[in-house]
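Colleague: Sharing a model prediction with you, sequence too.
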There are 4 protein chains.
Amino acid sequence: MAKNLAPDSTRRSEKSRRAIYDAALALVGEVGYPKTTIEGIAARAGVGKQTIYRWWSSKAEVLMEAFLDLGEQVNRDVGQEPYVIPDTGDLAADLKAVLRATVDELKDPRFEVPSRALAAEGVVNEQLGRQFVAKLLEPSLQLYVERLRSAQAAGDVRPDVDPRIALELFVSPLAQRWLQYSGPISHEYTDTLVDYALHGIAPR
Amino acid sequence: MAKNLAPDSTRRSEKSRRAIYDAALALVGEVGYPKTTIEGIAARAGVGKQTIYRWWSSKAEVLMEAFLDLGEQVNRDVGQEPYVIPDTGDLAADLKAVLRATVDELKDPRFEVPSRALAAEGVVNEQLGRQFVAKLLEPSLQLYVERLRSAQAAGDVRPDVDPRIALELFVSPLAQRWLQYSGPISHEYTDTLVDYALHGIAPR
Amino acid sequence: MAKNLAPDSTRRSEKSRRAIYDAALALVGEVGYPKTTIEGIAARAGVGKQTIYRWWSSKAEVLMEAFLDLGEQVNRDVGQEPYVIPDTGDLAADLKAVLRATVDELKDPRFEVPSRALAAEGVVNEQLGRQFVAKLLEPSLQLYVERLRSAQAAGDVRPDVDPRIALELFVSPLAQRWLQYSGPISHEYTDTLVDYALHGIAPR
Amino acid sequence: MAKNLAPDSTRRSEKSRRAIYDAALALVGEVGYPKTTIEGIAARAGVGKQTIYRWWSSKAEVLMEAFLDLGEQVNRDVGQEPYVIPDTGDLAADLKAVLRATVDELKDPRFEVPSRALAAEGVVNEQLGRQFVAKLLEPSLQLYVERLRSAQAAGDVRPDVDPRIALELFVSPLAQRWLQYSGPISHEYTDTLVDYALHGIAPR
DNA sequence: CGTTAATCGAGACGGTACGTCGAGTCTTAAG
DNA sequence: CTTAAGACTCGACGTACCGTCTCGATTAACG
């Protein structure tokens, strides 16, 4: 009997999956996350509702995969390197450059709506939140860890500093302002963050 | 004609308002935000749905006010000062103390569920997000601004530093870890943040 | 104690009563009986809801009184005689004339909507139905009874015939066709009814 | 697009339909028509409200079909002939017999409440009223038409009489008394109606 | 002829039902 | 066995009215 466990993924329709991803992202972009419904995604994708329920367990999960897929797709298109932090030897300049790029990306509506949607869901749904962090946030943060390690090797960062924590000094403020609308975001702002973070706010 | 705008707030039932606040907070605590419904709040409060719709325009708004009210209530009970940052002259120690208290509060389930709910809604609903910031977040942050200004006067913080930005160096990382489950939260962690923020991560 | 019983009718506002009658009839005419609401009547009459509930116990009752009042008003305007059945000595002609007038009245939209509303309510609400009959229907039927009695005296109707039943032979068919849309209504039709009723359908 | 028109009736759940008919009739019988609600029918039938709204557009329509179905069901149970008017050759006796049976039926509460409900709704809602007549009333009246035609052939009714009108002489008075509570209903009463109708009220 | 108690307009209140939407499950027919 | 389609039960939505209940602000009978 035991019929309901584990659909056979070898028989899965690739076309439907693509259509679902596309529909989900399009709808979230057009009407926002709360008004995006499974029913709506199915209709837009020309797919039965069951096809969605068979492979995903929630709207958030669909969107998460769609978003991840979008990322991979973009990466495949652009080149293989997902995106890296430059290492010119000038730590401050490198960090400022990356953060400026991040500021621009955060303001790109193509990414903004689904990112917010996922982030918001993650705040309230711990499981999804951890997934979001593991699959989307942490990989990016690891790039900073690496850059900071390299800076430690070059003597530009104190050796006793924990890079995973240090990076939060400039990344988290930006993240918070964006997430919570707690302040304006600009290149000057992130430049200032880098300066403060590198040298502290206490007088030398 | 124009009859539907602005109910007469002088005739508002205080008892109903209280009951609605209580029910909303209780339900959010018990079943979580998404499963908290207007219908449920009304039923629990022993109130007609219309009485909620008359005075609030969304579940989020109800919860926001309920939460604000809870804060005020607690403040009234405890004493008049909402809560302040000590100024012992030792900036690092003062900040560490407050942040440790914040860590504890963030883990208190009484506040955690509704806070998350509101924060999450604010991520996705800009209007509410800005309200959340203005009414709940910014007032707290202003306390840090004041403490940092005092530290600048005492020569413990460089005079060219913008306190509103500087405070984010230690507040935002904690906020992000809490909001996004992007890392563990502990007293050691916040102590470290203060140290890094005050003196920077670059060698002197 | 006993405060709620019997409002003091000497203090009753005549202006409000008139306004309520007018509003009720206007609304029933405009939107039909089911969409006519107490709230709507009150708003239209510029009257508090309580003023309606104080003096009437249901929508149907308001409408009934409004309709009765309308009748009296019309009678007052036209002349004192409500309306009578002529007695020219020619029974068939007299009945045909009255029924032709009735046909015309039934088609007058000014009376049709509220009459139907009341009649319908009376079908389902026995108390109101009996009131409707007693106050509106029976007085009219009594006129036929009198005319038939006079005809019996003149030898135009068999003396053993019960006039109260006899009148139904021509009145009820018209009433049913009108009430139930069970057939078209015309002067020819009522003429035929009178002929059949007077002489029967069996051959002599 | 155009998705909302015409649900696929081949996939309709027969079980739900039956349950809805049963619930509707039961509720109308128990609490009366005005207190019978779609919500109540759905709950009683163990059915989603949408399933009702999908297939019917109003409470009246549901009840109408339920009532029609009840009739068919009864007919199926009893025998194939719906019910006929006897033709013993004695027209008066035959009519009296049928009308006596009708009187009894009109007093049977099993039929009375829903019949009144439908009739009342039909008074005020022309579309439904005509449906009521077409599906329920007229078929019964046709039986009288046929019996009268047969009587005409036998020379018991004048050949120039229109049977469709003639039947109203005895049917409509009964109908009106029942519908409007305008008089008592009894076997003697209907007998009298038949006598009057057949021979007229004028002396021979 | 003021007093005062009831009625008045207004509308907030606790409720019930409305008709709609979407969730997630289940069934059917086609491939 | 998966798929598109969509009917099903369920529950919440936000709205409309119900009938009850305060509120001042008029009134109108009577003291």
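Modeller: Done, it's in. Numbering: from 1, shown residues only, chains lettered A, B, ... in the order given.
Colleague: most centrally placed residue in chain A?
Modeller: Against the mean C-alpha coordinate of chain A, by C-alpha atoms, centre = their mean, the closest residue is A:L136 at 4.2 Å.
Colleague: show me the contacts for that residue.
Modeller: By C-beta atoms under 8 Å, 6 or more residues apart in numbering or on different chains, the contact set of A:L136 is A:F67, A:L68, A:G71, A:L118. The C-beta positions use only the backbone N, C-alpha and C, and glycine is treated the same way.
Colleague: Can you say which of those residues are buried?
Modeller: Those of the contacts of A:L136 that meet the buried threshold are A:F67, A:L68, A:L118, by 16 or more other C-beta atoms under 10 Å in any protein chain shown.
Colleague: Show me what the helix or strand where A:P139 lies packs onto, helices and strands only.
Modeller: Counting by DSSP states H and E, the element that carries A:P139 is helix A:138-153. Contacts defined by 3 or more C-beta pairs under 8 Å, 6 or more residues apart in numbering or on different chains; DSSP states H and E place helix A:138-153 against helix A:91-107, helix A:163-166.
Colleague: Distance from the longest one to the middle of the chain?
Modeller: Here the centre of helix A:91-107 is set off from its chain's centre by 15 Å, with C-alpha atoms, centre = their mean, to the nearest Å.
Colleague: Could you tell me which other helices and strands it packs against?
Modeller: Partner elements for helix A:91-107 (3+ C-beta pairs under 8 Å, 6+ apart): helix A:109-124, helix A:138-153, helix A:168-180, helix A:187-199.
Colleague: give me every residue that touches the closest residue in space to A:F132 that isn't next to it in sequence.
Modeller: Closest residue in space to A:F132, ignoring its immediate chain neighbours: A:G122 at 4.3 Å, by C-beta to C-beta, 6 or more residues apart in numbering or on different chains. Counting by C-beta under 8 Å, 6+ apart, A:G122 touches A:L128, A:G129, A:R130, A:Q131, A:F132, A:V133, B:Q180, B:Y181.
Colleague: before we move on, back to that, next step: the contacts of A:L136 restricted to strands.
Modeller: Counted as lying in strands by DSSP state E, out of the contacts of A:L136, is not a single one.
Colleague: which two of the residues you listed lie the greatest distance from each other?
Modeller: Within the contacts of A:L136, two members stand farthest from each other by C-beta to C-beta: A:G71 and A:L118, at 11.6 Å.
Colleague: residues near the residue in chain A positioned nearest to chain D, how many?
Modeller: Nearest residue of chain A to chain D (C-beta to the nearest C-beta) works out as A:A43 at 8.0 Å. The number of residues packed near A:A43 is 16, by other C-beta atoms under 10 Å in any protein chain shown.
Colleague: for the one 10 residues further on, same thing?
Modeller: Neighbourhood size, A:Y53 [other C-beta under 10 Å]: 12.
Colleague: Verify the stated contact: A:F132 with B:Q180.
Modeller: Yes: contact criterion C-beta atoms under 8 Å: A:F132 and B:Q180 qualify, at 7.1 Å.
Colleague: which residues do these two both contact?
Modeller: Listed contacts common to A:F132 and B:Q180 are A:A119, A:G122; contacts here mean C-beta under 8 Å, 6+ apart.
Colleague: quick one, which of the two is more surrounded?
Modeller: Between A:F132 and B:Q180, counting by other C-beta under 10 Å, A:F132 is the more crowded of the two (25 against 20).
Colleague: interface residues of chain A facing chain D?
Modeller: A:A43 (C-beta under 8 Å from any C-beta of the partner chain).
Colleague: tell me the domain boundaries of chain A?
Modeller: A:9-77, A:84-199 (automatic domain parsing).
Colleague: mean pLDDT lowest for which of these?
Modeller: Among these, domain A:9-77 has the lowest mean pLDDT, at a mean of 89.
Colleague: residues making contact with stretch A:8-22?
Modeller: By C-beta under 8 Å, 6+ apart, stretch A:8-22 touches A:41-42, A:45-47, A:51-52, A:55, A:62, A:65-66, A:69-70.
Colleague: That stretch near DNA strand E anywhere?
Modeller: No: figure legend: stretch A:8-22 not in contact with DNA strand E (C-beta under 7 Å from any atom of the strand); closest approach 8.4 Å.
Colleague: swap in stretch A:46-59?
Modeller: Yes: Stretch A:46-59 reaches DNA strand E (C-beta under 7 Å from any atom of the strand) through A:G48, A:K49, A:Q50, A:Y53, A:S58, A:K59.
Colleague: Restricted to helices, list those residues.
Modeller: Of these, the ones assigned to helices by DSSP state H are A:K49, A:Q50, A:Y53, A:K59.
Colleague: If you rank those by neighbours, which is first?
Modeller: Neighbour-wise, these (other C-beta under 10 Å) top out at A:K59, 20 neighbours.
Colleague: looking at it, that one is touching A:T36, isn't it?
Modeller: Yes: counting by C-beta under 8 Å, A:K59 touches A:T36, with 6.8 Å between them.
Colleague: which residues are in contact with both of those two?
Modeller: What both A:K59 and A:T36 touch, as defined by C-beta under 8 Å, 6+ apart, is an empty set.
Colleague: want to try CSV for the domains of chain A, with distance to DNA strand F as columns?
Modeller: Below are the domains of chain A laid out as CSV (distance: least, C-beta to the nearest atom of the strand, whole Å):
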stretch, distance to DNA strand F
domain A:9-77, 3
domain A:84-199, 16
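Colleague: looking at those domains, which is buried most?
Modeller: Most buried of those, by mean neighbour count (mean count of other C-beta atoms under 10 Å in any protein chain shown): domain A:84-199, with a mean of 18.
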